[in-house]
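1. Sharing a model that was predicted from the sequence below.
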Amino acid sequence: MEELYILQREVGRGSYGVVFEGREKGAHGERVAIKRLPCSSPECIQLYLQELWVMRTTAQSHPNVIALHSCLAQTGPNTLQLLKPGRLPLDLVESALKGTVPAGQKHNTKSTNSNLPRSRKRPAEQSVAEAIPRRCSALWLVMEYCEGGDLNNYILSQPPDTERNHSVIEQLSSAMAFLHGLGIVHRDLKPDNVLVQLSKMGPVIKVADFGLSKMTERLIEGDNTRPAFSSTCGSDFYMAPEVWAGRNYTSQADIFSLGVLFWAVLERITFLEDGCTHEQLGAYFVRGRWLTPLGEALSQNPALQLVIPMKGRRAPPLPPPPNAAVCTLLLHMLASDPDARPSAHQLEGSLRHALRQG
Ligand SMILES: Nc1ncnc2c1ncn2[C@@H]1O[C@H](COP(=O)(O)OP(=O)(O)OP(=O)(O)O)[C@@H](O)[C@H]1O
């Protein structure tokens, strides 16, 4: 690590690993975020490999999708090996496929892959061992740094600003069209997974955290036969009705999550999760004193009429309500029927058009 990057400070911790701020070595070394992911169970290894796979696919080719600079495999207490593009640590792939963690994986052992002394290895074995890192105890993902934090922190730490909100949602719709165009379904879109870089021109939005994402065949525009998934995943307030209902769902579940996010950003709608002290962006349905996630409410009653802009219950400062064209588009994105929602590609055009309606 120290040959390539300098670790500077811890930025935060997620459910799986720790994120550090760092810098590339050299006089003009770029600021980077370095995420250390310990490989302690087959389940988490599978998530890391999915994340790595997607980040390698998107590489650095869209301004609103987080860019991966490199990935390193930790093969000893102080040994990191740069993974070549397209290469994965074989033992991690085995772990994810077999559902087991090889003995010794949970510890940073100094042992090599075989009990044989190096000199007794057959040449072919040796070359494979050198080409593919063995006994990988952690993956280190090096990506672009987002000094603005996540979308919750960014939006809620500043006074409402309609122009900025419009820019945020346009960038998100552009990222979604790009990802779905590549056949990537995110499956966990929410403000915590959207990071922000600060530039003189305003915020630059970066869709991140691809641990739950799935790669499918490229989605062809106009072809409604989208690959379907069944495992329930996502975050309560952002999950689509079909995911709540435990039915098969497609990439259109991402459009619903994006609809919740857009509505919350545009109207600055927030909620407090049990046990949390900080507000989070997210739209919901109000039942008496209870807030029900939109997807849950719609899964119970698909005919439920959402009211956009939202009425009452919110404290200032508030941005002005979205225009009628934007409200109609939000209602389409939040339709109970996934096929009634616009595709990511349609959304990009419709949003641009609706925002221009003044
Ligand atoms: N590229 C980045 N630049 C700046 N900060 C980052 C970057 N990536 C992650 N972070 C911050 O590091 C912290 C941990 O992020 P991480 O992605 O590991 O977990 P999370 O998304 O918060 O939680 P979980 O993984 O449980 O969903 C968060 O505060 C996140 O905003």
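-> Cool, got the structure. Numbers count the residues shown, from 1 in each chain.
2. Mind jotting down where the helices sit in the stretch 151-300 of the chain?
-> Assigned by DSSP state H, counting those that start in this stretch, the stretch 151-300 of the chain shows helices spanning 151-156, 162-181, 241-244, 252-267, 294-300.
3. hang on, His332 in a helix?
-> Yes. Counting by DSSP: H, G, I helix; E, B strand; the rest coil, one finds His332 located in a helix.
4. Got the confidence number for it?
-> Looking at His332, its pLDDT reads 98.
5. Let me see the contact set for it.
-> Neighbouring residues of His332 by CB atoms under 8 Å, 6 or more residues apart in numbering: Ala340, Arg341, Pro342. For every residue, glycine as well, the C-beta is placed using N, CA and C.
6. I'd guessed Gly149 sits against Val196; true?
-> Yes. If you go by CB atoms under 8 Å, Gly149 and Val196 touch, sitting 6.4 Å apart.
7. okay, the two: which has more neighbours?
-> Using other CB atoms under 10 Å, the more surrounded residue of Gly149 and Val196 is Val196, with 23 against 15.
8. SS state for the closest residue to the more buried one other than its chain neighbours?
-> Of all residues not flanking Val196 in the chain, Gly148 sits nearest, at 3.1 Å (CB to CB, 6 or more residues apart in numbering). Under the three-state scheme (three-state DSSP), Gly148 adopts coil.
9. can you list the weak-confidence ranges in the protein?
-> 1-2, 100-134, 218-225, 312-315 (pLDDT under 70).
10. Count residues in the vicinity of Arg352, would you?
-> Quick note: Arg352 (other CB under 10 Å) scores 13 neighbours.
11. Would you mind naming the helix or strand containing it?
-> helix 344-355 (DSSP states H and E).
12. which strands and helices sit next to that helix?
-> Where contact means 3 or more CB pairs under 8 Å, 6 or more residues apart in numbering; DSSP states H and E, helix 344-355 is packed against helix 162-181, helix 252-267, helix 324-333.
13. Spatially central, which residue of this protein would that be?
-> Asp209 (2.9 Å; CA atoms, centre = their mean).
14. Grab the nearest non-local neighbour of that residue.
-> Asp209's closest residue in space is Asn193 (CB to CB, 6+ apart), at 4.0 Å.
15. do the same with Glu3
-> Nearest non-adjacent residue to Glu3, counting by CB to CB, 6+ apart: Lys25, 7.1 Å away.
16. Backbone dihedrals for that neighbour, please?
-> The phi/psi pair for Lys25 (degrees, to the nearest 10) reads phi -70, psi 150.
17. quick one, what contacts the residue of the stretch 101-250 of the chain at minimum distance from the ligand?
-> Closest approach between the stretch 101-250 of the chain and the ligand, counting by CB to the nearest ligand atom: Cys146, at 3.7 Å. Residues in contact with Cys146 (CB under 8 Å, 6+ apart) are Ala33, Ile66, Leu195, Val196, Gln197, Lys206, Ala208.
18. got TSV for the helices and strands packed on helix 344-355, with distance to the ligand too?
-> Shown next, in TSV, are those (distance: least, CB to the nearest ligand atom, whole Å):
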stretch	distance to the ligand
helix 162-181	15
helix 252-267	14
helix 324-333	23
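19. Point out the most buried one among those helices.
-> Most buried of the helices and strands packed on helix 344-355, by mean neighbour count (mean count of other CB atoms under 10 Å): helix 252-267, with a mean of 26.
20. which strands and helices sit next to it?
-> Packed next to helix 252-267, using 3+ CB pairs under 8 Å, 6+ apart, are helix 151-156, helix 162-181, helix 241-244, strand 280-281, helix 294-300, helix 324-333, helix 344-355.
21. try it again with 7 Å
-> Under the contact definition 3 or more CB pairs under 7 Å, 6 or more residues apart in numbering; DSSP states H and E, helix 252-267 sits against helix 162-181, helix 324-333.
22. could these go into a markdown table alongside distance to Ser251?
-> Below are these laid out as a markdown table (distance: least, CB to CB, whole Å):
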| stretch | distance to Ser251 |
| --- | --- |
| helix 162-181 | 5 |
| helix 324-333 | 13 |
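23. Between those, which one is closest to Glu242.
-> helix 324-333 (14.0 Å; CB to CB).
24. Distance of the nearest residue to Val326 once chain neighbours are set aside relative to the ligand?
-> Leaving aside its chain neighbours, Val326 sits nearest to Ala354 (4.7 Å; criterion: CB to CB, 6+ apart). Going from Ala354 to the ligand by CB to the nearest ligand atom, to the nearest Å gives 30 Å.
25. Does Ala354 touch Cys327 like I think?
-> No. With contacts counted by CB atoms under 7 Å, Ala354 stays clear of Cys327, the gap being 8.8 Å.
26. Am I right that Asp91 is in contact with Arg135?
-> Yes. Using CB under 7 Å, Asp91 and Arg135 qualify as a contacting pair, with a distance of 6.1 Å.
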